[in-house]
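*Asks:* model this:
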Amino acid sequence: MILIRTNLNKSIGLGHYYRMLRLAKELVLLNKKVLFVIDKPNKEFESTQYHHEYLYNSSSYKNDKDDSNKVKNIIKKFKINTVIVDDYRLTNRWEKNIKSKKIKLVVVDDLIFKKHICDYYINYKLLSDEQKNQIKKRLNKNTKLLLGPKYSILNKNLRPLKKFKTLNITFYAGGGGDPGIFLNIIEKLCKLKKIKINLIVSLNKSKIENFKNLKKKFKNFNIFFKDKYDKIISQTQIYIGCQGNAIYDNSKNKIVSIFYSNSSNQYNEYQKLNLLGHHFLINKKDFKNSINLVKLINKIAKNFRVIKSEIFSSNKKIDNFGSKRIAQNISNIKEVKYKDKKINFDKKFSINKVKISDMNDFLQSRNQKINTKRMINRKKINVVDHYNWWLSEEFGSRDTYKVKSGNKTILYIWHKNIFINKKNYYVGGWFISDKTCKISDVYAALKWQLKTTYSKNKKWIAVINFNNKVVLKLNKVLGFSKKFNLSSDYLNSRLFFKVSPKKFSYQIYSN
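*Replies:* Take a look at the predicted model:
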């Protein structure tokens, strides 16, 4: 018999408990009996499919030793041979007290820097080689590692609609998250046409009366509770909510998502989330600026089909067999094969137009101090402002490129055509993305850019900070000049850039 030690409450939410329910289902299919051990009864969300034992009916969790001793009593009572633990509170001291020659111990974790004593370690985040090594250092040598999205424990009850008449936007703060942060956003969205707005409420029912009043006022807004989660998410086209298991479910089901993190363990680096098809990654504090966020949601809604097609075009990291693979490993059965899309490492220097998958790296690169210190606007750009700009006509009027060396983006360049006083000009810019970028790489990219934009009727105009000696020399080598043959070109440059000629060098380039 298999014992699963996990928990659910307002503080930690429902994520741990629900993913263990999904794993339990796979274990039952392999003829295993499963027993759940949680702190206290929770009749609202507790599954009736499995027997539950409760450790703290009249008290509360104290420490590892007390908890593990209570669990050991249950192990003896039910003749348990395998224990699966999914609970952040429990440490390697708890594991040491549970693990024995007779007890196989399985740990499910989302963290990296936590020590464990176990037979199996499961972490289905996208992990770098360095992160995998950090995990290995904190495990005993004989531990079998089940790492990466191939072991994602997904919600198989989700059945996304292939066709829809009205766009469904769903808000969910997670099992223990505060739905109240959505109130101002939802109120503004309700005024928009051709969309339906759903709010899923779970353990935390903050501002529920406010939401009920909103529902009376707007026909396109509905409130649902956790029991309707699968049905509503299956109908959802745009999801706004916290990170957690939804990262993997929404990736598999290709649901366009705006994610924020509820806790430190939910933090995922943007590069990893981008690989799973998630590119709109905001901070919890961004909900305070409801106007800006509504603007972003509206832009995603208007460009929904194009955005969805682009962000999920090459997303093949997750399949439906993660929990089955875990169950097979625990049961010493050969696991289902996993088809992973391998990355081809191209050593050549390449220049290609940016895609939405470059959106976050573009912002991170632009906001680096090494880049901002030489810009006209030196302020860091807010993430929601950036997303709104990326989806705007202003960004669409530019030609923006990423420059790659091998598989690494090292530089971004851009240019656009402007029209001032009946004259056409090109303006552009660039900034580095990676410290390995050399001045020779910048020169090669800008030389390509000038060749690509060749026109007898258009000139390039530019401004460079006098303190930026390297770029002043670079532009001179490229053929830019401080001498304007026509005064009208200089006046038009001043009109466009609007910066002091005492601090910036005004320059022109004629093809």
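*Asks:* shaky segments in the stretch 1-150 of the chain?
*Replies:* Counting by pLDDT under 70, the stretch 1-150 of the chain contains no low-confidence segment.
*Asks:* and the stretch 401-511 of the chain, by the same measure?
*Replies:* Checking the stretch 401-511 of the chain against pLDDT under 70 turns up nothing.
*Asks:* could you pull out the strands for it?
*Replies:* Counting by DSSP state E, counting those that start in this stretch, the segments of the stretch 401-511 of the chain that form strands are 408-420, 423-432, 459-465, 504-510.
*Asks:* now swap in the stretch 151-300 of the chain and tell me
*Replies:* In the stretch 151-300 of the chain, the segments counted as strands under DSSP E, counting those that start in this stretch are 167-172, 195-201, 221-225, 238-242, 256-260, 280-281.
*Asks:* now render the ones you listed as CSV, adding mean pLDDT and distance to L105.
*Replies:* For the C-beta atoms, the positions are set from N, CA and C on the backbone; glycine is no exception. Rendered in CSV, the data for those read as follows (pLDDT from 0 to 100; distance: least, C-beta to C-beta, whole Å):
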stretch, mean pLDDT, distance to L105
strand 167-172, 97, 33
strand 195-201, 96, 34
strand 221-225, 96, 35
strand 238-242, 96, 29
strand 256-260, 96, 32
strand 280-281, 96, 34
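*Asks:* got JSON lines for those strands, with distance to D110 and mean neighbour count too?
*Replies:* Conversion of the strands of the stretch 151-300 of the chain to JSON lines gives the following (distance: least, C-beta to C-beta, whole Å; neighbours: other C-beta atoms under 10 Å):
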{"stretch": "strand 167-172", "distance to D110": "18", "mean neighbour count": "22"}
{"stretch": "strand 195-201", "distance to D110": "22", "mean neighbour count": "22"}
{"stretch": "strand 221-225", "distance to D110": "26", "mean neighbour count": "17"}
{"stretch": "strand 238-242", "distance to D110": "13", "mean neighbour count": "24"}
{"stretch": "strand 256-260", "distance to D110": "15", "mean neighbour count": "23"}
{"stretch": "strand 280-281", "distance to D110": "17", "mean neighbour count": "24"}
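*Asks:* can you redo those as TSV with distance to I461?
*Replies:* As requested, those are arranged in TSV below (distance: least, C-beta to C-beta, whole Å):
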stretch	distance to I461
strand 167-172	42
strand 195-201	43
strand 221-225	50
strand 238-242	40
strand 256-260	38
strand 280-281	34
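*Asks:* out of those strands, which gets nearest to V499?
*Replies:* Among the strands of the stretch 151-300 of the chain, the nearest to V499 by C-beta to C-beta is strand 280-281 (32.6 Å).
*Asks:* the closest one: partners in the sheet, and parallel or antiparallel?
*Replies:* Pairing partners of strand 280-281, with direction, according to DSSP bridges: strand 256-260 (parallel).
*Asks:* return the distance of the strand it pairs with from the chain's centre.
*Replies:* On the basis of C-alpha atoms, centre = their mean, to the nearest Å, strand 256-260 sits 7 Å off its chain's mean C-alpha point.
*Asks:* got a list of contacts for that strand?
*Replies:* 237-243, 246-247, 250, 273, 278, 280-284, 286-287, 296-297, 300, 304, 307-308, 311 (C-beta atoms under 8 Å, 6 or more residues apart in numbering).
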